[in-house]
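Peer 1: Provided below for reference: sequence and predicted model.
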Amino acid sequence: MTSSITSPILVTGGTGTLGRHVVPLLRAAGREVRVLSRSGPTAADGLEHVTGDLLTGEGIDAAVRGTETVLHLAGGQKGDDEATRTLLRAAGPAGVRHLVYISVIGADRVPLAWMRTKLDAERAVAGSGIPWTTLRAAQFHDLTLTMVEKMTRLPVLPCPGGLRLQPVDSREVAARLVELTLGAPAGQVPDLAGPRLYDIPALARPYLELRGRRPRPKLPVRIPGKAGRAYRAGDNLTLEGAETGKRTWEEFLAERLG
């Protein structure tokens with residue numbers, strides 16, 4: 001089942017890291033796009049913008065009205081579960097026929113509070129009665145760069161033992177999400193991760209080289225508790241059965257910083 005091509009696709013988080021890639025791709029596919037944000041609407045970019053708050057519910061009924069497909073990208077470090085439930089409460093009565101949700105690899109395995117909100121949001125989507133698709137993705141190159149920038153400002157490089165990341169390019173995640181959004185509801189689809197595994201020194205090395213800075217002395221650290229055990233076990237990774245992007249961390253850095 002696919003939605004009518006005449007109805008707009010509502011994109012929450014349409015101005016964020018993923019949204020900035022997703023919205024042009026949807027428009028290139030010939031679809032009308034409605035962008036939900038908490039700020040005031042603007043017509044400067046030729047898009048339909050609507051104002052709404054997913055935490056309070058203000059404006060959400062109007063935002064989903066007349067749409068059959070919703071791509072839910074909006075998220076943060078807390079409150080994703082409540083925001084998603086708010087969206088679902090409006091989407092059901094509005095007749096939404098396909099809701100696509102972006103989650104994170106390890107949501108069901110890494111015992112961190114923000115991961116639990118992602119898992120709770122996934123479960124809310126699956127139990128909503130609305131046909132749905134959920135994609136879990138690895139950490140984006142963009143967010144990895146922010147982390148590496150902060151860590152390399154220190155006189156030593158903190159190196160959590162056993163921690164590995166498999167960062168993925170946000171443009172490849174966006175392309176996959178558009179493919180899923182334009183297709184039929186597919187439930188839980190294979191995870192999307194980057195093409196290579198890295199520890200912290202391997203992420204920092206090409207960044208420091210491109211910046212013309214010296215390597216930092218490594219400081220072994222240990223992530224405590226259940227979260228530490230999960231990361232050391234690789235529970236934040238999907239090493240088998242995942243789809244993998246093609247753009248490496250090094251290629252991303254060369255484009256961004258070169």
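Peer 2: Alright, I've got the coordinates. Nothing here was measured: the structure is a model prediction, and the numbers come from that model.

Peer 1: Please report the distance of Thr51 from Thr17.
Peer 2: Separation of Thr51 from Thr17 (C-beta to C-beta, to the nearest Å) stands at 21 Å. Yep, even glycine has a C-beta here, placed from its N, CA and C like the rest.

Peer 1: neighbour count winner among those two?
Peer 2: Thr17 (17 against 14; other C-beta atoms under 10 Å).

Peer 1: was I right about the more buried one contacting Phe140?
Peer 2: Yes - between Thr17 and Phe140 there is a contact under C-beta atoms under 8 Å: 6.3 Å.

Peer 1: Strand partners (parallel or antiparallel) of the worst-scoring helix or strand of the chain on mean pLDDT?
Peer 2: None of the helices or strands of the chain scores lower by mean pLDDT, DSSP states H and E than strand 48-51, at a mean of 91. Using DSSP bridges, the strands paired with strand 48-51 are strand 33-37 (parallel).

Peer 1: in the helix or strand containing Arg123, what counts as buried?
Peer 2: Using DSSP states H and E, Arg123 sits within helix 113-126. By neighbour count with 16 or more other C-beta atoms under 10 Å, helix 113-126 contains the buried residues 115, 117-122, 124-125.

Peer 1: Can you tell me which helices and strands that helix packs against?
Peer 2: helix 80-94, strand 98-104, strand 132-137 (3 or more C-beta pairs under 8 Å, 6 or more residues apart in numbering; DSSP states H and E).

Peer 1: Quick one: list the elements packing against the first one.
Peer 2: Just to be clear, that refers to helix 80-94. Applying 3+ C-beta pairs under 8 Å, 6+ apart, we find helix 80-94 packed against helix 60-64, strand 69-72, strand 98-104, helix 113-126.

Peer 1: Now do the second one, average pLDDT.
Peer 2: So that's strand 69-72. For strand 69-72, the mean per-residue pLDDT is 98.

Peer 1: Parallel or antiparallel, which strands does it pair with?
Peer 2: Counting by DSSP bridges, strand 69-72 is paired with strand 9-12 (parallel), strand 98-104 (parallel).

Peer 1: for these, which one ends up most surrounded?
Peer 2: Across the strands paired with strand 69-72, the average number of neighbours (mean count of other C-beta atoms under 10 Å) peaks for strand 9-12, which reaches a mean of 28.

Peer 1: Point out the one among the strands paired with strand 69-72 that comes closest to Glu149.
Peer 2: Ranking the strands paired with strand 69-72 by their distance to Glu149 (criterion: C-beta to C-beta) puts strand 98-104 first, at 20.8 Å.
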